[in-house]
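give the three-dimensional model of this entry:
(one chain, ligands or ions: 1)
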Amino acid sequence: MKFTISFILSIIFAVGVVAFGFTFFQSTNERTKLDRELEVRIAHISDELFKANPSFFKETDHLKIELLADSLRKQFNLLGFALYFNYDSILSNSSVTRLLNYSKAYILRSLTADTSVGSFFKSGNMQIYQYVRPIRNSSRSNLAVVFYTDAGYIDKVIGSIWFRNFIGWFIQAFLVSVITLLLIRWGILNQVNKIVVWAKAIRTGNIRQIKPEPHLDFLDPLHKEIESIAKAMNEAKATAEEEARLRSSAEAIWTPERLKVEMENLLQNRKMIVVSNREPYMHIHDGKDIKCIVPASGMITAMEPILKACSGLWIASGTGDADRETVNKYNKVEVPPEEPKYTLRRLWLTKEDERHFYYGFSNEGLWPLCHIAHTRPIFRNDDWKYYKKVNEDFAKVILEETRDEEQPFILIQDFHFALLPELIKREKPNAKVAIFWHIPWPNPESFGICPWQREILIGMLGADLIGFHTQYHCNHFLETVNNVLESRVLWEDFSVKKAGHTTFVKPFPISIAFTLKDYDVNATKIKASELLSEFGLTSRFIGIGVDRIDYTKGIVEKFLSIERFLEKNPSYVGKFTFVQIGAPSRTLIKSYADTVSAVENEAIRINLRFKSKNWKAILLLKKHHSHEQIAPFYVSADFCMVTSLHDGMNLVAKEFVASRNHNDGTLILSRFAGASQELQGAIIINPYDIEKSADAIKQALEMTKEDQYQRMIQMRLVIVRHNIYSWAASLLRTMASIN
Ligand code: F6P
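From the prediction side, this is the model:
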C-alpha cells in the first residue's frame, strides 16, 4: 500500500484547516481584549483630564489647545483631541483636523444617546481609535470632546499572532500527522500487507505461504480471524478439489452396476448365497391385509443393496406371521415385493428353536458376551443345544440349495451362525465360505467365560475368511484363537492355520448404499415445527436418534445428557426437542423389556420436569419406522446423536450423514461405535460421560455453518468412497483370491 499525492495533500489541507481554526479563535479573542483595554484606557484619560481641568472644553484659544494636545501626546501617546460646540463649530489641534469628518456622525450618535462612544476607522494607512464623550453643562448646549489615538499596534499584535500561532499550529499538527502516518506505515500497514499477501496466496493456491507471522498485540483478534479464515478456505479448497477429483474419476466410486460386473467376473457363473437369521422382508398381517416391512437391522441395511445389485439367494428365518402365506412351495419369495431383484428362501424355526437359539444363546449369551455394556451373559445348556441344531438346519438348507454347485460363494452373516462355516466346509470343502461378524469381538479374557468358546472358534475357523468391522476386533479374535486352540496364528498376514486349513481374518468396515447419484439428491428440508406438528408439538431445534431399543445403544444415557443440557442451558427449554425413534426389539428377553421400561420412564420423567405447553424435551416414537418415515428427520434435524455403549459399526451414523445433501447439521457419535474411526468429522463423545455429552449437544446446536460444512463434507466423502458396494467388492475379491 502506498501514500498517494492526493492522500498527502488531503492531510496537509486538513492540518491547515485545523491550524487556521485555532489561530482564528485566538486572534479574535486577543482583538476583543485589546479593543476593550484601549477603550478603558481612553475613558480613564478623559476622566483624569476632566478632574485636573474641569473647564478645559470651554477653551477656544488655538495655542492653548495645541499645548494641551502636545502634553496629551507626551503623557498618554494620544494624537490629539477636538472640541465640538455644534456641527459647524469644532476646534482641534492641527494634527487631528483631517480626522474631524470621520467623527461628526459618531459625535451626533453619542450626543443623542447621551453616552460615550468609541470606534475605529482608517485614515490613509493609519488605524485610528476615536472616543467621543458628551459633556453636560448648565446652558444645555450639545458639547462633546473627542480623543484620538493611533490603534495601529492592535493590527500588529493580531498580525503577529496569526504569523506565530498559525505557523506553529500547522507545523505541530503536520509533524504529529507525519509521525502517525509513519507509525501506521511501518507498524500497521506492514501487518496489513502481510495479510494481503496471505489472502493472495490463498486465492492463488500458494498455500505454503500461509504461516504464522509475528504481529502487534492489538492486531491479535484480526490476525486470529484471518488465520482461521485462511485455514477454513484452505480446507474448503482441499475439499472442493477432492470432490472435483472424485467426480472426475467417478468410475473409481463403486456403484451397483460396477459391483454387478465385478461379481460376474469373480463368480464366473458360481452361485452366491447370503445367510442370516433376520430376513430382509417380513410379511405380517395388518387387519385383513398383509403388509411387507423391512426389519430394523444394520445388517439388512448393508446387505440388501448388494443382493439387489447382483441377484443371488438370501436364506433367512421366516419370522413374520404372514410369511408362510407369501412363499411358494419351495419356501421362496421374490423380493423386493414392488420390483423383485433376488430370491428370499425362508426357513422355519419352531417356537423352541426361537426360544433357545435366537432369544437364548444368540441374544442372552453371545450378544452380551461380545458387547461390553455390563449386561451379564447367560449360558444355558439347552440354548447351546438348540444353537447347534439351528446351525445344522441352516447348513442342510444351504447344502440343498448348492447341491449342483461345485464352488458356491457363501456369505454368512453374524453371531447367530458361528458353527455354519465348519458345517458347510465339512460337506463341501470347495465352497468359498466367509462369515462376517457384525458385532464387536471382545478381548480373550472376556470371551473366555463362554463355556463353548472352543466349539465357536472351531466353527468359525471352518471359513476361508472371517470379517470384522475393525482391525481391533480382528486382533481380539486372533488373540482369542491363540489362547484357546492348538493352531498357528500368522500375524504377518492375519491368518490362522489349523489342521491344514487357512482362515484369513480381515477388517471390512461395513457401509451403506451411497453413490455419487445419491450424493447429489436434493432432499427438501422441513422446519422443526412442521415435523413436530403432527404430534401437537412445536420447537425450533431438533435432534434425532434412531435405534433399536437395546441396552447397548445407550438410550438412557442419551436422555440423561439431554436433561443435563437443558439444565445447563435453560434458554433452550421450549426451543429444543430430541426425537428418539426406537424400534422395540427382542422384547421377550428380560433385559430388553427392562430397557424399554427404563427408556420410557426416563422420557416421561424428563418431560415432566421441563413441562411446557405444546412442547416436550423428548419425543419418544416407540415403534417400527420404515426408511421413508425416518428420512425427513435425518434430512431436517439439526443433529443426530448416536450413543452406543459398544457397537460394531452403527449404520445410523452413516445414514444420517449421507442424508445431509446440504452439507449441514452435526453428528454426535460415541467413540465406542466402529463408525467413529471413519467419521472423524463427528463430535466424538464417551456416552457414559453425561456432562461432556450435554456440552456436545450445545456444541452441535451452536456450531458455525462453516464448521458444519467442513465436517459434513469430510464424512460424506468417506462414505461415498467406502460405500457398501466397495465393501462387497473388497470382501468378494478377498474371498475369490483365497485358494
Ligand atoms: O447388526 C447386528 C444385528 O444383530 C443383526 O444381525 C440383526 O439383524 C440386527 O442386529 C437386529 O437384531 P435382530 O435381528 O435380533 O432384531
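
contacts and neighbour counts: CA atoms only from here.
Fine.

so how many other residues sit close to whatever residue of the chain ends up closest to the ligand?
Using C-alpha to the nearest ligand atom, the closest approach of the chain to the ligand is made by Ser297 at 4.1 Å. Ser297 sits with 17 neighbouring residues when counted by other C-alpha atoms under 10 Å.

then the one 3 residues further on?
Ile300 is surrounded by 18 other residues when neighbours are defined as other C-alpha under 10 Å.

any idea how far the nearest residue to Val546 once chain neighbours are set aside is from Ser297?
Closest residue to Val546 apart from its sequence neighbours, by C-alpha to C-alpha, 6 or more residues apart in numbering: Ile581 at 4.8 Å. According to C-alpha to C-alpha, to the nearest Å, Ile581 and Ser297 sit 14 Å apart.

need the contact list for the residue nearest to Val546.
By C-alpha atoms under 8 Å, 6 or more residues apart in numbering, Ile581 lies in contact with Ile544, Gly545, Val546, Asp547, Leu620, Leu621, Lys622, Lys623, His625.

is it correct that it falls within a strand?
Yes. Ile581: assigned to a strand according to DSSP: H, G, I helix; E, B strand; the rest coil.

bridging residues for it?
Ile581 has the following beta-bridge partners by DSSP bridges: Val546, Leu621.

what does Ile284 give?
Lys291.

mind checking pLDDT for the residue of the chain closest to the ligand?
If you check Ser297, the pLDDT there is 95.

get me the contact residues on the stretch 201-350 of the chain for the ligand.
Taking C-alpha under 6 Å from any ligand atom as the criterion, the neighbours of the ligand within the stretch 201-350 of the chain are Arg278, Ser297, Gly298, Met299.

narrow those residues to those in helices?
Applying DSSP state H to these, the entries found in helices are Gly298, Met299.

pick out the most distant pair among the residues of the stretch 201-350 of the chain next to the ligand.
Spatial extent of these (C-alpha to C-alpha) is set by the pair Arg278 and Gly298 at 10.6 Å.

contact partners for Trp452?
Counting by C-alpha under 8 Å, 6+ apart, Trp452 has no contacts.

roughly how far does Lys568 sit from Ile65?
Distance from Lys568 to Ile65, by C-alpha to C-alpha: 103 Å.

cool, Val718 as well?
Counting by C-alpha to C-alpha, the gap from Val718 to Ile65 is 117 Å.

more crowded one of these two?
A count of neighbours by other C-alpha under 10 Å puts Ile65 above the other of Val718 and Ile65, at 22 against 15.

list the residues that contact the more buried one.
Here Ile65 is in contact with Glu59, Ser92, Asn93 (C-alpha under 8 Å, 6+ apart).

quick one: name the residues of this structure near the ligand.
Arg278, Ser297, Gly298, Met299, Asp414, His438, Ile439, Ser585.

got a markdown table for the residues you listed, with distance to Ala696 too?
Below are these laid out as a markdown table (distance: C-alpha to C-alpha, whole Å):
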| residue | distance to Ala696 |
| --- | --- |
| Arg278 | 35 |
| Ser297 | 27 |
| Gly298 | 25 |
| Met299 | 28 |
| Asp414 | 33 |
| His438 | 28 |
| Ile439 | 26 |
| Ser585 | 28 |
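
so which elements touch the host helix or strand of Thr112?
Here Thr112, judged by DSSP states H and E, is contained in helix 100-113. On a contact count with 3 or more C-alpha pairs under 8 Å, 6 or more residues apart in numbering; DSSP states H and E, helix 100-113 meets strand 117-123, strand 126-135, strand 143-150.

rerun at 10 Å
Secondary-structure packing of helix 100-113 (3 or more C-alpha pairs under 10 Å, 6 or more residues apart in numbering; DSSP states H and E): strand 78-86, strand 89-92, strand 117-123, strand 126-135, strand 143-150.

in its sheet, what does the shortest one sit against?
By that I understand strand 89-92. strand 78-86 (antiparallel).

pLDDT of the strand it pairs with, averaged?
88.

next, the buried residues of stretch 263-283.
Residues of stretch 263-283 classed as buried by neighbour count (16 or more other C-alpha atoms under 10 Å): 263, 266-267, 270-283.

which members of those occur in helices, if any?
Met263, Leu266, Leu267.

ok, so of those, who is nearest Ala603?
Among those, Met263 lies closest to Ala603 (C-alpha to C-alpha), at 47.3 Å.

correct me if wrong: the closest one contacts Asn269.
Yes. Assessed by C-alpha atoms under 10 Å, Met263 is found in contact with Asn269 at 9.3 Å.

check which helices and strands the longest helix that the chain contains sits against.
Longest helix of the chain, by residue count under DSSP H: helix 5-52. Packing contacts for helix 5-52, counted by 3+ C-alpha pairs under 10 Å, 6+ apart, involve helix 62-76, strand 117-123, strand 126-135, strand 143-150, helix 152-161, helix 167-183.

quick one: closest of those to Gln26.
That would be, of the helices and strands packed on helix 5-52 and by C-alpha to C-alpha, helix 152-161, which comes in at 7.9 Å.

pLDDT on the closest one, on average?
Helix 152-161 shows an average pLDDT of 91 in the prediction.

for that helix, enumerate the helices and strands it packs against.
helix 5-52, strand 126-135.

quick one on the thing from earlier: ranking the contacts of Ile65 by neighbours, who comes first?
Ser92 leads these on contacts (other C-alpha under 10 Å) with 23 neighbours.

how about stretch 296-309: buried residues?
296-309.

please apply the same query to stretch 120-128.
Phe120, Gln127, Ile128.

pretty sure the last one is touching Asp155, no?
When you say that, I think you mean Ile128. No. Ile128 is beyond contact range of Asp155, at 11.0 Å (criterion: C-alpha under 10 Å).

could you measure the closest residue to Met272 other than its chain neighbours against Gln268, distance?
Computed as C-alpha to C-alpha, 6+ apart, the closest residue to Met272 that is not its neighbour in sequence is Phe409, at 4.7 Å. Using C-alpha to C-alpha, Phe409 is found at 11 Å from Gln268.

please apply the same query to Leu313.
For Leu313 relative to Gln268 (C-alpha to C-alpha), the value is 16 Å.

check Glu392 too.
28 Å.

ditto for Arg609
Distance, Arg609 to Gln268, using C-alpha to C-alpha: 63 Å.

how about Ala201?
Distance from Ala201 to Gln268, by C-alpha to C-alpha: 54 Å.

Glu235 and Gln710 touch, don't they?
Yes. With contact defined as C-alpha under 10 Å, Glu235 counts as touching Gln710 (7.3 Å).

neighbour count for those two, which is higher?
Remark: of Glu235 and Gln710, Gln710 carries more neighbours, 18 against 14, as counted by other C-alpha under 10 Å.

can you pull the contacts of that one?
Ala232, Met233, Glu235, Ala236, Thr239, Asn663, Asp664, Gly681 (C-alpha atoms under 10 Å, 6 or more residues apart in numbering).

just put those residues in a markdown table and tack on secondary structure and pLDDT.
Shown next, in a markdown table, are these (DSSP: H, G, I helix; E, B strand; the rest coil; pLDDT from 0 to 100):
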| residue | secondary structure | pLDDT |
| --- | --- | --- |
| Ala232 | helix | 72 |
| Met233 | helix | 73 |
| Glu235 | helix | 72 |
| Ala236 | helix | 74 |
| Thr239 | helix | 73 |
| Asn663 | coil | 94 |
| Asp664 | coil | 96 |
| Gly681 | coil | 97 |
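
counting neighbours, which of those comes out on top?
Going by other C-alpha under 10 Å, Asp664 tops the contacts of Gln710 with 25 neighbours.
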